[in-house]
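Participant: sequence plus the predicted model coming up.
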Amino acid sequence: MKRLEREKSGELFDRFWNEMKSEWFKLEVLQDYTAEDDGPSLQAWLKGDRQKALELIKVDPEPDFTQKCRQSVESGVKMLRIHVLERPLTPYMAWELEFYRQISIPLRREQVFLINKAECADLELPSGDFMIFDQQRAVLNEYQSGRMTHQNFYDQSDNLEPFLALRAALISRAKPLNS
């Protein structure tokens, strides 16, 4: 495992992404990413202006990432995302569900699934998100006060079984988000 500060992790993350051939899986566990994702659509949503938020959400805040996702899908990569939800939903999560419907599913061509935290109480969830690339590499994000600070990179020389087992358990229980 290689632990890198956020500012120094981009090159290795890009390598994992660019070498991916068949599947990208992401587990999200936080209920509020405002420290990471504080754009105009979210700000309008949090101020209660849902109409303006929905108009602004259609302006993709990360067109380069969206293009990368589309290219990956077009080359045969399956894009899977699961978000563990806690009830009641935070205002951020209510907004993010709309983001998934407007950007992640139609533009990025992700398959988005949801699972209530109570439905996976028997599983050991990480405190941060993780991604698995082709079931051969993983990246675990570390957060402090809602902001990603480090990424931990795992490859075939590391024990990926905890990531793969959790992926399998969550996929078997999660429900697809209807767009």
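Facilitator: Okay, I see it.

Participant: where does this protein have low pLDDT?
Facilitator: Of all residues in the chain, those with pLDDT under 70 make up the ranges 179.

Participant: distance from the chain centre to stretch 154-166, please.
Facilitator: 18 Å (CA atoms, centre = their mean, to the nearest Å).

Participant: buried ones in it?
Facilitator: 154, 160, 163, 166 (16 or more other CB atoms under 10 Å). Heads up, the C-betas are built off the backbone N, CA and C, glycines and all.

Participant: what about those residues, which are in strands?
Facilitator: Of the positions in the buried residues of stretch 154-166, residue 154 sit in strands, assigned by DSSP state E.

Participant: in CSV, list the buried residues of stretch 154-166 along with distance to residue 27.
Facilitator: Listed next are the buried residues of stretch 154-166 as CSV, based on distance: CB to CB, whole Å:
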residue, distance to residue 27
154, 14
160, 14
163, 9
166, 7
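
Participant: and residue 1, how far is that from residue 158?
Facilitator: Distance from residue 1 to residue 158, counting by CB to CB, to the nearest Å: 5 Å.

Participant: please apply the same query to residue 110.
Facilitator: 26 Å.

Participant: next: residue 124.
Facilitator: Distance of residue 124 to residue 158, computed by CB to CB: 17 Å.

Participant: can you tell me which residues contact the nearest residue to residue 108 once chain neighbours are set aside?
Facilitator: Nearest residue to residue 108, sequence neighbours excluded (CB to CB, 6 or more residues apart in numbering): residue 69, at 3.9 Å. Residue 69 sits next to 79, 107-110 when contact means CB atoms under 8 Å, 6 or more residues apart in numbering.
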